[in-house]
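> only geometry, no sequence info:
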């Protein structure tokens, strides 16, 4: 339960931070997308202390947070303090070493109905450590060590690992290749686990992949391939290996001066074991897309439309690696990040999500710069099952009906200064007809925090 609690808290953290730091510039060696991970966003908010004589930068941030989630039968309140300290040293103008340490404290303020949970937990970890090199003309860059690795929008892969990445840029096409291993990450926060063995021993997985992309006018088109190898040793009477391959295409850019978009389609193949221990072929797919419209009006509004889906299987049990009961495995399982609403926090399998909303900056007419950086975001979500005969990944919505429910998300973010931000999130989930009587209770979620960089 301790692992589940911490990962639940961090899920909220990972996707909240993108609300208040998207407008900042990321370091040149990292690529930002709509599905940014927490660390990349936070690193972009850091105010470095530079010493030109020896080319050393260092800094950090501290983020105290609290969240509270409840429904008819359960209540959970958690406070957390996330401290990161980083250093970047340039050996030459085109060679550097980056290191970052993490200290994450999590404490339970209220617990009703969640069972045996540690009241206090403190994790200290080497968060990142890698070296970077680029040729003088910047046509080739190499990074090796513990860092963030991403494919496409980040749906299939978006997280830390130990490995290497090579980027090649030319006038005709750009190529990015990566390889990484996840088994050396701290077991408590390893996000790549699917089976009970993954959670107890650390998720020992290897990833290798490549992306080819080209920007033409205002459009960037790309194609990628990613292979995931499960390196756990299975017992003869308990087969849980899940080896998957992902093939994707995507595009992002500006359709007009006031209209931007991104769209990505993924097809998954590979092998999994079914509940009887026999091997199954994987044949699954997913889509992730968004259109944003920026009307020329006061308060700088943005109108947001999103659609995402992950295929389901008529007899798959959740997102466990051996969850397929029989025949072909058509349930989409991924190793990246996806945000589809705070209260439900859905895993994108056997699910269609339609989202619409807006954001505004209510104080744009103010003469105070710090007031101009205040934002309000609202989103409404509709959840529909892909296969009505099966449940969602968490086992909910088990009735043989399509409609899984509604979600409402409301966020307030305020970038007071370049090194100080505050945020408050509220969310609710209202179950639909796919939830059985007695489980159709509403869920609520509140999350708030302050980020200070130094």
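It's in. Just so we're clear, the structure is a prediction, and the values are computed from it rather than from any experiment.
> Low-confidence stretches in this structure?
Within the chain, the segments meeting pLDDT under 70 span 1-54, 116-117.
> Would you mind measuring from the residue nearest the centre of it to residue 63?
Central residue of the chain (Cα atoms, centre = their mean): residue 337, 2.7 Å from the mean position. To residue 63, residue 337 is 18 Å away according to Cβ to Cβ, to the nearest Å. In short, each C-beta sits where N, CA and C put it, glycine included.
> ok, now residue 374?
With Cβ to Cβ as the criterion, residue 374 and residue 63 are 19 Å apart.
> Please say which of the two ends up with more neighbours.
Neighbour totals were compared for residue 374 and residue 63, and residue 63 leads with 23 against 19 (other Cβ atoms under 10 Å).
> Quick check: the more buried one vs residue 450, distance?
Distance from residue 63 to residue 450, by Cβ to Cβ: 7 Å.
> ok, now residue 349?
Per Cβ to Cβ, residue 349 is found 34 Å from residue 450.
> just to confirm, which helix or strand has the nearest residue to the residue nearest to the centre of the chain once chain neighbours are set aside in it?
In space, and not counting its chain neighbours, residue 337 is closest to residue 158: 4.6 Å by Cβ to Cβ, 6 or more residues apart in numbering. Here residue 158, judged by DSSP states H and E, is contained in strand 157-169.
> packing partners for that strand?
Here strand 157-169 touches strand 140-151, strand 174-181, strand 205-216, going by 3 or more Cβ pairs under 8 Å, 6 or more residues apart in numbering; DSSP states H and E.
> Residue 391 and residue 349 touch, don't they?
No: assessed by Cβ atoms under 8 Å, residue 391 is found out of contact with residue 349, at 10.3 Å.
> In terms of neighbours, single out the busier of these two.
residue 349 (26 against 22).
> Pull the number of nearby residues for the closest residue in space to residue 151 that isn't next to it in sequence.
Closest residue to residue 151 apart from its sequence neighbours, by Cβ to Cβ, 6+ apart: residue 157 at 4.4 Å. Neighbourhood size, residue 157 [other Cβ under 10 Å]: 24.
> Just list whatever residues bridge to residue 157.
Note on residue 157: beta-bridge partners by DSSP bridges are residue 151, residue 335.
> so who does it touch?
Shown in contact with residue 157 (Cβ atoms under 8 Å, 6 or more residues apart in numbering): 149-151, 207, 209, 226, 246, 334-336.
> The spatially closest residue to residue 144 that is not a sequence neighbour: what's it in contact with?
Leaving aside its chain neighbours, residue 144 sits nearest to residue 164 (4.1 Å; criterion: Cβ to Cβ, 6+ apart). The neighbours of residue 164, taking Cβ under 8 Å, 6+ apart as the test, are 142-145, 178-180.
> cool, residue 125 as well?
The neighbours of residue 125, taking Cβ under 8 Å, 6+ apart as the test, are 101-102, 104, 185-186, 189.
> ditto for residue 454
Applying Cβ under 8 Å, 6+ apart, we find residue 454 in contact with 47, 59-62, 419.
> From these, which land in helices?
Counting by DSSP state H, the contacts of residue 454 place none of their members in helices.
> Check those and tell me the two furthest apart.
The distance between the two most remote of these (Cβ to Cβ) is 12.9 Å, for 47 and 62.
> Could you work out the end-to-end span of stretch 267-284 for me?
6 Å (Cα to Cα, to the nearest Å).
> which strands and helices sit next to the helix or strand containing residue 384?
Here residue 384 sits within strand 374-385, counting by DSSP H and E. Using 3+ Cβ pairs under 8 Å, 6+ apart, the elements in contact with strand 374-385 are helix 2-21, strand 351-360, strand 403-417.
> tell me the contacts of the residue nearest to residue 362 when sequence neighbours are not counted?
Spatial nearest neighbour of residue 362, excluding adjacent residues (Cβ to Cβ, 6+ apart): residue 299 at 5.5 Å. By Cβ under 8 Å, 6+ apart, the residues touching residue 299 are 360-362, 364.
> Run a quick neighbour tally on residue 200.
Residue 200 has 10 neighbours, counted by other Cβ under 10 Å.
> what's near enough to touch it?
Neighbour list for residue 200: residue 187 [criterion: Cβ under 8 Å, 6+ apart].
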